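Q: Build me a structure from this.
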Amino acid sequence: MEFIREYADWFYLIGAVLFILTLRGLSGPKTAIAGNRYGMIAMAIAVVTTFFVAENPVVWMILAAMAAGAVVGIARARTVPMTQMPETVALMHSLVGLAAVLIAVAAIIHNNKLVELGPDLLAANGVTFYEMSKVHLFELFVGCFVGAITFTASVFAYGKLAAKKWAKTISGGWVKPVQALIFIAMLAAGIHFFLTGSMTSFWAMTGLALAFGWVWIAPVGGGDMPVVVSLLNSFSGWAAAGIGFTLENNMLIVAGSLVGSSGAILSYIMCKAMNRSIINVLFGGAMGGAAAPTAATGAQVQRNYRSGSADDAGFLMSNADSVVIVPGYGMAQGRAQNAVKELANLLKEQGVTVRFAIHPVAGRMPGHMNVLLAEADVPYEDILEMDEINSDFPATDVVLVIGANDVVNPAAKDDPNSPIYGMPILEAHKARTIMVIKRSMATGYAGLDNDLFYNDKTMMIFGDAKKVVEDMTKAINGTGH
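A: Numbering: from 1, shown residues only. Presented below is the predicted three-dimensional model:
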């Protein structure tokens, strides 16, 4: 095993290159599988190398932890439904943050124990003691407080996405002053720890960071959760990179930096797609606060809409030249992706051009709809992003919206008083005929009523997404009622 120790830096370099290739592969659906394989190989190299270069590792504890993690991870991966994938991702981010905190705590306690023993006693036992420098204290300071914020913020995001009762959105004039007070106190304790090495300040900083992570994310509305999940992904990367400096592990620094920077870029892209800034999302109120602008008095204003059946929809689509399908969280909730794929194939057999339109923030996490459609083996060339397909809507015969709401809401373009005004949307309202599958006329995750549902060209089809799509398919192939 001396070979691995001698060439550890080379193994880490190979792993770093593979991680870069992983990100490159994950940038496109066709190369995503290869990208995942690169990542798996890189992580295996990183773990094995670190295992052999570590000084005096407690092997049984490491192997036990790895085995337990593998069992939980495999079990969760095999059983988690696609509707629970967003909260699962958020929970995974929380574990990265917690790991950063625990490593920082272990490093501090280990160093203090060595100080208590003293250099003479350590030297007598063949141990060389190096006093922790200001640089190391700063690294611990950054890694610990970023990790602590990531942990509690991700736990809250998990609760919010999973609709847990304890993850309640907080609001009121007191929220921002409390956020500012906790943040300033956290920085003050951290700076004192950095200057003096005081354990009291370290514990105070950690506790305040945990509290700040919660009150920071708790006011954010449901409509902004995809951005929050992406940003927490970035934070988990920076926390890992900070701890990498503490452990002097180049692989952890590189991997953490890649995750942190890619998450930050994705957050920027998503905020741009919502016409929002990250500061506005995290500190400026939220899309998901109120029910609907008309609900201030306790009830929505009743508006007229037109409803139809799956048979009607099947007839219209089978006689169209072009159909665009806009999936949303309702498709994930109804597990309808395979039924949608079957419907699209049937329409294609009848000479209809079928494409899918994806909004950057559709669903509950970045790329949620892309994952669902990939799971159903929808051809990559049929899936188009918002900027690619928006200009085609005026020439589209039928748009089928499945469980999407806010990403097709014309108020974003027409109503200056709407909280989502200025947000780029899929311009489904410009199509010749619009059909919307929903369980009811309830508002979407952002709590806003949708003018598209009351459009003269729109036909609402109520019911479970999977059942309605299956009925459409039966109507088209003549096996329905």
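
Q: Contacts only, for the most centrally placed residue in the chain.
A: By CA atoms, centre = their mean, the chain has its centre lying nearest to V229, at 3.4 Å. By CB atoms under 8 Å, 6 or more residues apart in numbering, the contact list for V229 reads P86, V89, A90, H93, A157, L161, R364, M365, P366. Backbone N, C-alpha and C define where each C-beta goes, glycine included.

Q: and if we set it to 7 Å?
A: When contacts are counted by CB atoms under 7 Å, 6 or more residues apart in numbering, V229 touches P86, V89, A90, A157, M365, P366.

Q: What residue, apart from its backbone neighbours, is nearest V155 spatially?
A: Spatially, and ignoring its direct neighbours in sequence, V155 is nearest to S94 (4.9 Å; CB to CB, 6 or more residues apart in numbering).

Q: what does the model give that neighbour for pLDDT?
A: S94 carries a pLDDT value of 91.

Q: wait, isn't it in contact with F156?
A: No: using CB atoms under 7 Å, S94 makes no contact with F156, being 9.1 Å away.

Q: higher neighbour count, the two?
A: Neighbour count, other CB atoms under 10 Å: between S94 and F156, F156 has more, with 26 against 22.

Q: Check which residues of the host helix or strand of that one are buried.
A: In the assignment (DSSP states H and E), F156 maps to helix 134-161. In terms of neighbour count (16 or more other CB atoms under 10 Å), helix 134-161 has its buried residues at 136-161.

Q: if we can go back for a sec, tell me which of the contacts of V229 is nearest to L23?
A: P366 (13.9 Å; CB to CB).

Q: give me the number of residues near R439?
A: Residues near R439, counting by other CB under 10 Å: 14.

Q: low pLDDT regions in this structure?
A: Scanning the chain for pLDDT under 70 picks out the ranges 1, 3, 117-132, 221-223, 284-302, 444-447, 479-481.

Q: and it, what are its domains?
A: Following automatic domain parsing, the chain resolves into domains at 1-79, 86-283, 310-477.

Q: would you list the ones you listed in JSON lines and tack on distance to N304?
A: As requested, the domains of the chain are exported to JSON lines (distance: least, CB to CB, whole Å):
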{"stretch": "domain 1-79", "distance to N304": "41"}
{"stretch": "domain 86-283", "distance to N304": "26"}
{"stretch": "domain 310-477", "distance to N304": "7"}
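
Q: so which of these gets nearest R303?
A: domain 310-477 (4.9 Å).

Q: how long is stretch 356-371 end to end?
A: From its first residue to its last, stretch 356-371 covers 13 Å (CA to CA, to the nearest Å).

Q: what sits up against it?
A: With contact meaning CB under 7 Å, 6+ apart, stretch 356-371 is reached by 29, 85-86, 89, 161, 225-226, 229-230, 266, 269-270, 273-274, 324-329, 332, 373, 378, 382-386, 389, 404, 407, 426.

Q: what's the spacing between stretch 355-368 and its chain's center?
A: The gap between where stretch 355-368 is centred and where its chain is centred comes out at 12 Å by CA atoms, centre = their mean, to the nearest Å.

Q: E248: neighbour count?
A: Around E248 there are 10 residues (other CB under 10 Å).

Q: Now do the contacts for it.
A: Taking CB under 7 Å, 6+ apart as the test, E248 contacts no residue whatsoever.

Q: Does L384 fall in a helix, a strand, or a coil region?
A: strand (DSSP: H, G, I helix; E, B strand; the rest coil).

Q: quick one: it from F138, how far?
A: The span separating L384 from F138 equals 46 Å under the rule CB to CB, to the nearest Å.

Q: And I437, by the same measure?
A: 54 Å.

Q: L400 falls within a strand, correct?
A: Yes: the assignment for L400 (three-state DSSP) places it in a strand.

Q: hang on, it packs against V323?
A: Yes: between L400 and V323 there is a contact under CB under 7 Å: 6.4 Å.

Q: more crowded one of those two?
A: L400 (28 against 25).

Q: sec struct for V323, please.
A: strand.

Q: can you tell me which residues contact it?
A: Counting by CB under 7 Å, 6+ apart, V323 has contacts M317, L347, V352, V354, D397, V398, L400.

Q: and if you look at V215?
A: By CB under 7 Å, 6+ apart, V215 lies in contact with V178, Q179, I182.

Q: Can you tell me which of those residues has the most neighbours?
A: I182 (20 neighbours).

Q: Which of the helices or strands spans it?
A: helix 175-196.

Q: relative orientation of that helix and helix 134-161 in degrees?
A: Here the directions of helix 175-196 and helix 134-161 differ by 150 degrees (axes from the mean of the first three to the mean of the last three CA atoms, to 10 degrees).

Q: Can you tell me which helices and strands helix 175-196 packs against?
A: helix 134-161, helix 199-217 (3 or more CB pairs under 7 Å, 6 or more residues apart in numbering; DSSP states H and E).

Q: closest to I109 out of these?
A: helix 199-217 (8.6 Å).

Q: And that closest one, what's buried?
A: Under 16+ other CB under 10 Å, the buried positions of helix 199-217 are 201-202, 204-206, 208-217.

Q: can you check stretch 243-254 too?
A: If you call a residue buried by 16+ other CB under 10 Å, then stretch 243-254 has these buried ones: I243, G244, F245, T246, L247, N249, N250, M251, L252, I253, V254.

Q: what does stretch 26-40 give?
A: Per 16+ other CB under 10 Å, stretch 26-40 contains these buried residues: L26, P29, A32, G35, Y38, G39.
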